[in-house]
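Undergrad: Sharing a sequence plus its predicted fold:
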Amino acid sequence: MKTDWGLIRGMMDAAIDTCERVEAAQYSEADRDAVIKMNGHNVSVQDFLTSGWTASENLRYGIIRSRHDNNVDLAYVPETARILVAMAHAAAELIGAGAENAPAAENSRRLMSWFHDHLAPGIEEAIAAKRFKGSSSTETDQ
């Protein structure tokens, strides 16, 4: 089955944009108890933040249930999912680490370049070569 990378990109963009806005608002732990009224209820900054990660976790479990209901359970964690999760974890470590001299900034840039210039093209080339060889070979070639 194909993956809706646009949906995934939109989800990650929404999370990144929100985190960036929280930081731009100069959020600190001391702001957790700040409240606004929503639909007649006091809602705190901590309520909003907690909802951000719990709603995402609940969405994940909903997706898992839906995959099961549609008989497309994951027998293993796809390699591309592992890449996405690992990069998200690495990126998360940069939050609040400084913009001027972010830890491992040069290594991060090198990894991004490697992804674009070597990882994806290398995989694409290897698969294309294998498929070309497979389509031009006969049983005696094997």
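TA: Noted; the coordinates are in hand. Nothing here was measured: the structure is a model prediction, and the numbers come from that model. Numbers count the residues shown, from 1 in each chain.

Undergrad: May I ask which helix or strand of this structure has the lowest mean pLDDT?
TA: Lowest on mean pLDDT, DSSP states H and E among the helices and strands of the chain sits helix 120-136, with a mean of 88.

Undergrad: Restrict that helix to CA atoms and write it as CSV.
TA: The C-alpha trace of helix 120-136 is given here as CSV (Å, rounded to 0.1, in the frame of the first residue of the first chain):
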residue,chain,number,x,y,z
ALA,A,120,17.7,8.1,-1.0
PRO,A,121,19.6,8.1,-4.3
GLY,A,122,21.6,5.1,-3.3
ILE,A,123,18.5,3.1,-2.4
GLU,A,124,16.7,4.2,-5.6
GLU,A,125,19.8,3.3,-7.7
ALA,A,126,20.3,-0.1,-6.1
ILE,A,127,16.6,-1.0,-6.5
ALA,A,128,16.5,0.1,-10.1
ALA,A,129,19.7,-1.8,-10.9
LYS,A,130,18.3,-5.0,-9.3
ARG,A,131,15.0,-4.7,-11.1
PHE,A,132,16.7,-4.0,-14.4
LYS,A,133,19.0,-7.0,-14.0
GLY,A,134,16.0,-9.1,-12.9
SER,A,135,14.0,-8.1,-16.0
SER,A,136,16.8,-8.8,-18.4
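
Undergrad: Touching it from outside, list them.
TA: Around helix 120-136, nothing counts as a contact under Cβ atoms under 8 Å, 6 or more residues apart in numbering. From N, CA and C alone the C-beta is placed, and that goes for glycine too.

Undergrad: how about the closest residue to residue 44 other than its chain neighbours, what does it touch?
TA: Leaving out its chain neighbours, the residue that sits closest to residue 44 by Cβ to Cβ, 6 or more residues apart in numbering is residue 35, at 4.8 Å. For residue 35, the contact set (Cβ under 8 Å, 6+ apart) comprises 42-45.

Undergrad: measure residue 114 to residue 129 for me?
TA: Distance, residue 114 to residue 129, using Cβ to Cβ, to the nearest Å: 20 Å.

Undergrad: How far off centre is stretch 60-67?
TA: From the chain centre to the centre of stretch 60-67 is a distance of 16 Å (Cα atoms, centre = their mean, to the nearest Å).

Undergrad: could I have that stretch exported to PDB, CA atoms only?
TA: Extracted in PDB, the C-alpha atoms of stretch 60-67 (Å, rounded to 0.1, in the frame of the first residue of the first chain):
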ATOM      1  CA  ARG A  60      -1.500   6.900  17.000                       C
ATOM      2  CA  TYR A  61      -3.500   4.200  18.800                       C
ATOM      3  CA  GLY A  62      -6.500   5.100  16.600                       C
ATOM      4  CA  ILE A  63      -4.400   4.600  13.500                       C
ATOM      5  CA  ILE A  64      -3.200   1.200  14.900                       C
ATOM      6  CA  ARG A  65      -6.800   0.100  15.500                       C
ATOM      7  CA  SER A  66      -7.900   1.300  12.100                       C
ATOM      8  CA  ARG A  67      -5.000  -0.600  10.500                       C
END
